[in-house]
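**Q** Need the 3D shape of this:
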Amino acid sequence: NSIQRKEAQSERSTLSSILIEFSGNQYGWYPMAILCVTAQLYMRNSVEIREGGSVKDTAEVFDILRKNKGLDTYVIRPAPEIDIDQIKRLKAFHHEFFHAVLVGEQPKECAIQFKDSLLQLRQRLDSYLREKSSLPFLSKLEPIVRSYEDVLKKEWSYSMEHVQTLVEELLPDKLNTVDQ
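**A** Okay, the predicted model is just below:
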């Protein structure tokens, strides 16, 4: 609630500002309790923790919270709200694109699995591109690999919020070029 309120007011909430706010006179929580609640919120996909522009993954977040140092550099923000229809659309797209089932249930989990599958495909195409000097027709794969790289650079929430864009941009190239 505090994080959402600050976000609405365009204020940054850092881990250290959360510690200061909730360990003060009004709340009086112990710092470790505040960090534990933060970890629970993170695991429920209610918040995300960033450093600079990058979202931290689970291992990094637990390492940050365990060390309890330099917390003013880590920004805590509400996680994007993803509804069940978006998850279903991503799962359907994943099945059509990779001919494999996406097994996750949580939005972040599904998006990360999708990106992992896309990364594996991009790496496979990269290995084909190494042979383009002897097989010139493989140069058709270069723009496709670049488009995959563009998607891989984006945050996990992009693949949830822009499934239709992914379908329109990635699927025709895969069906007409990569699957040929």
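**Q** drop to CA atoms for contacts and neighbour counts, all remaining ones
**A** Will do.
**Q** Double-check that T177 belongs to a strand.
**A** No: applying DSSP: H, G, I helix; E, B strand; the rest coil, one finds T177 to be helix, outside a strand.
**Q** quick one: it from Q9, how far?
**A** Distance of T177 to Q9, given as C-alpha to C-alpha, to the nearest Å: 47 Å.
**Q** of the two, who's got more company?
**A** T177 (13 against 9; other C-alpha atoms under 10 Å).
**Q** Would it be right to say that R50 lies in a helix?
**A** No: per three-state DSSP, R50 lies outside any helix segment and is strand.
**Q** in this protein, which helix has the most residues?
**A** helix 107-129 (DSSP state H).
**Q** Which neighbouring elements make contact with it?
**A** Applying 3 or more C-alpha pairs under 8 Å, 6 or more residues apart in numbering; DSSP states H and E, one finds that helix 107-129 contacts helix 84-98, helix 141-153, helix 156-161.
**Q** mind listing what's buried in it?
**A** Neighbour-count burial for helix 107-129, counted by 16 or more other C-alpha atoms under 10 Å, picks out 107-108, 110-115, 117-119, 121-122, 125, 129.
**Q** Need the contact partners of it.
**A** Contacts to helix 107-129, defined as C-alpha atoms under 8 Å, 6 or more residues apart in numbering, come from residues 45, 82, 87, 90-91, 94, 98, 102-104, 138-139, 141-142, 145, 148-149, 152, 156-157, 159-160.
**Q** which one of the buried residues of helix 107-129 is nearest I49?
**A** I49 has its nearest neighbour among those in K108, at 13.3 Å by C-alpha to C-alpha.
**Q** State the distance from the closest one to L19.
**A** On the measure of C-alpha to C-alpha, K108 and L19 end up 26 Å apart.
**Q** Which SSE is immediately downstream of the helix or strand of the chain with the lowest mean pLDDT?
**A** Here the helix or strand of the chain ranked lowest by mean pLDDT, DSSP states H and E is strand 54-55, holding a mean of 84. Next helix or strand after strand 54-55 toward the C-terminus (DSSP states H and E): helix 58-67.
**Q** Perfect, that will be all.
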